[in-house]
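Asker: here's a sequence, model it:
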Amino acid sequence: MIFSSLYALMAYAVVQLMDPMWIDGLMYLPLIIYGLERLIEDKKLLRFIIPLALMFIANFYIGYMIGFFCAIYFFCYLFFIKKDDDNAGSIKSIITVCLRFALAAIVAVLCAAVVLLPVYYSLKLGKLEFTNPDFSLKPQFSILDFFSKFMPQSYDTVRNEGLPFVYCGTLSFLMIPLYFMNSNIEARKKIGNGFVLILVFISMYLSTIDMAWHGFQVPNWLPYRYSFTFSFIVLIMAAEAFERIEGISFKQLGTVILAAVVYVIFADSKGYEYFSTTQGVWFTLICIFGYAMMLYYYKKNATSKTVPLIILVLVAGELFGSSLQTLKAINKDVVYSKHSSYVDYIKDGREITKQLEEYDGSFYRTEKTFHRTVNDALAFGTKGLSHSSSTLNAGVINFLDRLGFASRGHYVKYKGETFVTDALLGIKYVMNKDKTMYYDNEVLSYKDMKVYENPNALSVGYMVSENVRDLHIEKDNPFENQNKVLSSMLSQPYTEYFKQIPIDDVQYENVETSQSGDHTKYTSIVKGQNAHIEFLMNAPTDDIVYMYLPCTYSGYEKALNIWVNHEYLDQYYETENYSIKTLGRFASGESLSVITTLTKDEATMRDQWFYYLDEDMFKTAIDTLKQGQLDVTDYSDTYIKGTVTAKNGQMLFTTIPYEPGWTVKVDGEKVQYEKIADGLIGIPMSEGTHTVTMSFFPEGMALGIILSSVGVLIVVIIAIFERKNRKILLNRLYK
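Answerer: Okay, the predicted model is just below:
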C-alpha cells in the first residue's frame, strides 16, 4: 500500500491529470512488466502479450515508449536479475528467451494492428515531419538540478524548459541509496536495476536519445513524457530495499539521512524558483526526519505492523500536500479551466447548434468568432474549420495557413477569415457574440449568441477550371494567395480581387528602428513607457479593409496591440493572433489610422500589408462558381452523395482534406481523385450532369482488421497451449 500509493500519486500522474489519456501508460506498465518477468522466468507469453496489446490500443504514443522501456528492461532482467536455472547462461537459452520475447511483442502488435496501421497512415500525412529536430548530442539539464525533482512540491513547468517529473515520494528518494547498500539484495540484481535506471536517466539527459523516445520528434510541451518509467524503477528498488530493511545497518541509514539533508540545504542555496524555502525545503526536511524515525524503529523491529501503518499515514500526508501544491503550481503556470465555464459554454453551444440544424437541415459548414478551445466544433457538433490534432493533416493546415488563418503546426483556428475564404470554404453560418459582423442576415439568436448567414457560401464541392491542378500556394502574402486561388478556379490570368492600400505616412512614438536581415526591428527607447508605430492611409473605396503583418523569423513575433482610428481592435502575433485582421469598412476617402503598440518593448516585422477587397469583382466571381455547385442529397460522417453539372475543361473542387482512404465514384464508376491546392480533394469530371459519391474508410484499417484477427487467433492458440502445459505440470506435481 505504501509504494502503490507513491506510484499512483507520483508527480507525473498528478501533472498528467491535464492530459489523462497518457495515464493509461501508468496503469498498464506494472502489468506489462510483470508479464515480461513471467515470460522470462516461466516461459509464459499471455501475461505480457495481452496488457501490451491493450496499451497499444489505448494509446499508441505512450505504448511506443513502453515498448522502448520493455526492450531495456528485458535485457537487463535477462542478464542480471533472472533467477538461476541449469541452462540460464547458455547461448541457446538466451536465444530462445529472446525469440520468445520477440514473438510476444510481434503478437501484441498484431492484435493492435487495427489501431496502429490507420494511425501510421494518419501520421504520414504530416506528423512524422512535424518538426525539424536537431539530432546533435547535448545535455538537456544539470545533473544536480535533476535531483531537486525528487523532492515534494518541486513543480517547475510543463513547458519544454522544464525538468523531468520524477518525484515519487521522499521515502523512495531515501531508499534508493539504501537499496544499493542493502546486503540482503543480490549484487547482480542491483546491477540490473541500476542499469535500467541509468539508461532511462541518460535517455532524459541526452537530447538525441530523448527524441528517439518521443518518436524522433521534439515535444511542443510536456517534455520527458516517459519519465514515469524512471519513477517505476525507483519504486521497485525502493520497495525491495524497504522489504529487506534488515540488510541495512544503522550507520548506513544515518549516512543516507545526513546526505539527504545536506542536499536539501544545497538545493535551497541554489535559489530554485520552483523550490521555495517554506513549501519545498521545510516540508522536505520534515518528511525526511519523519521517515528517518520510522525507518529507525522499523529497522529495530522489522516484524512490526504498526510502523508501516504510520509510514503509510505519513506517505498519504506527504502525497496530499505535494499533489495540492503541484495542482496550484500548474494552475499558475498554464491555468486550469473552471468546470462551470465548460459546462455552460458547451451546453449553450450545443443548444444553438441544435436550433440551427432544425432551421437548416442541409449539409454546410458553421464557424464562430469566439473560442474556448480550438476543438469547439467537435464539442458543439458543428462542421467547422477549427481543429487541433496530434495526428495532424499537414497539407490542409498549410493550405489554410497560407490563406491567412491562424495556425501553429498541429492546429488551425477560424481567425483570419475574409469574405473570399468564407465563400470558397463553404462557411454558410457564423456564430458571433460581441464582435462586429459584416453579414447582414441574422437567422438565429440564443442568449448572448447570434447566428448570421453568409449569402456567398459555396457547397462542399463546386466546378472549377482544370487549371487548379497546377495551383500551388506559397507561404507569403495571403491576399495574393487568395487572388491566385480565385483566378485559377476561373481560368483567369492573375486577377487582383484584393488590392493593396498604399501607406501614406508612418509615425513613431518612443520607438527606434534597426534592420535585421529583411526585417525591421522596433525597440522602445524608454522602457516601460508607451511605444507605438502609427500607419496612416486613406480608404480607397467603401469596401472592407484587411491587414497582415508578416514576420518570418520564428520566435520574434512579440505581441502587439492593434488600434484602428484610436479604438482597440485586437492583439497581433503570439499563438492564435498571427493571422489576417479585419479592420472594418470605411467610407471612400476616409482617413485610416492603424496603431501597433509594443507590449514587450520590442517587435519585429518584415512588412505591413493593408488590402481592401473589391466586393463587386468578388461577387461576380462567386456567382460564376455558384453555377456549378454540388447539390448534396445524402451524407453521413463517412459518406457524401450529390449531383453536379460540369462544363468542358472543368473538375470538381472539394474542400474536403486530401488523404488516402476515400472511394470516389462518378455515375457509379470508381474514379481516381487528385490532390489539389496541396491539401484538398479534386475529382476529374467529364462534361454533363453526374452523380458523385464519396465514402471514407481509413487507409490500413482493412489490413489492420485482418492482422488483428490473426493476432487474436495466435493468442487463443497460445492460451490453449499454455493451459495444456499447465495441466501437464500439475499432473507431474501430484504423481
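
Asker: the residue positioned nearest the centre of the chain: which element?
Answerer: By CA atoms, centre = their mean, the chain has its centre lying nearest to residue 390, at 4.7 Å. Using DSSP states H and E, residue 390 is not contained in any helix or strand.

Asker: hmm, it is touching residue 409, no?
Answerer: No - applying CB atoms under 8 Å, one finds residue 390 not in contact with residue 409, separated by 10.2 Å. All C-beta atoms are positioned from the backbone trio N, CA, C, and that covers glycine.

Asker: ok, the closest residue in space to residue 223 that isn't next to it in sequence to residue 222 distance?
Answerer: Leaving out its chain neighbours, the residue that sits closest to residue 223 by CB to CB, 6 or more residues apart in numbering is residue 160, at 5.3 Å. To residue 222, residue 160 is 9 Å away according to CB to CB, to the nearest Å.

Asker: give the helix, strand or coil label for residue 641.
Answerer: strand (DSSP: H, G, I helix; E, B strand; the rest coil).

Asker: quick check: domain ranges of the chain?
Answerer: 2-333, 339-457, 498-613 (automatic domain parsing).

Asker: what about residue 142, how many residues nearby?
Answerer: 12 (other CB atoms under 10 Å).

Asker: nope, residue 269 is what I meant
Answerer: Neighbours of residue 269 (other CB under 10 Å): 9.

Asker: so which elements touch the strand or helix carrying it?
Answerer: Per DSSP H and E, residue 269 falls inside helix 250-270. In terms of contacts (3 or more CB pairs under 8 Å, 6 or more residues apart in numbering; DSSP states H and E), helix 250-270 is packed against helix 143-147, helix 170-181, helix 283-300.

Asker: for residue 665, see how far away the nearest residue to residue 640 once chain neighbours are set aside is.
Answerer: Leaving aside its chain neighbours, residue 640 sits nearest to residue 694 (4.9 Å; criterion: CB to CB, 6+ apart). Note on residue 694: its distance to residue 665, by CB to CB, is 8 Å.

Asker: neighbour count for these two, which is higher?
Answerer: Neighbours were counted for residue 694 and for residue 665 using other CB under 10 Å; residue 694 has more, 23 against 16.

Asker: and the one helix or strand that one maps to, what's buried?
Answerer: According to DSSP H and E, residue 694 maps onto strand 688-696. For strand 688-696, a neighbour-count test (16 or more other CB atoms under 10 Å) marks 690, 692-694, 696 as buried.

Asker: other residues contacting that strand?
Answerer: Strand 688-696 has contacts (CB atoms under 8 Å, 6 or more residues apart in numbering) with 461, 630, 638-646, 652, 654, 656, 661-668, 681, 683.

Asker: next secondary structure after it?
Answerer: helix 701-734.

Asker: what's that next one packed up against?
Answerer: helix 46-58, helix 91-111, helix 113-123.

Asker: buried residues of it, list them for me.
Answerer: 701, 704, 707-708, 711, 714-715, 718, 722.

Asker: which helix or strand in the protein has the lowest average pLDDT?
Answerer: helix 701-734 (a mean of 81; mean pLDDT, DSSP states H and E).

Asker: if we can go back for a sec, so for the residue nearest to residue 640, what's the pLDDT?
Answerer: Reading off the confidence values, residue 694 has pLDDT 98.

Asker: list just the nearest of the buried residues of strand 688-696 to residue 382.
Answerer: residue 696 (18.9 Å; CB to CB).

Asker: could you give the bridge partners of the closest one?
Answerer: Listed beta-bridge partners, residue 696: residue 662 (assigned using DSSP bridges).
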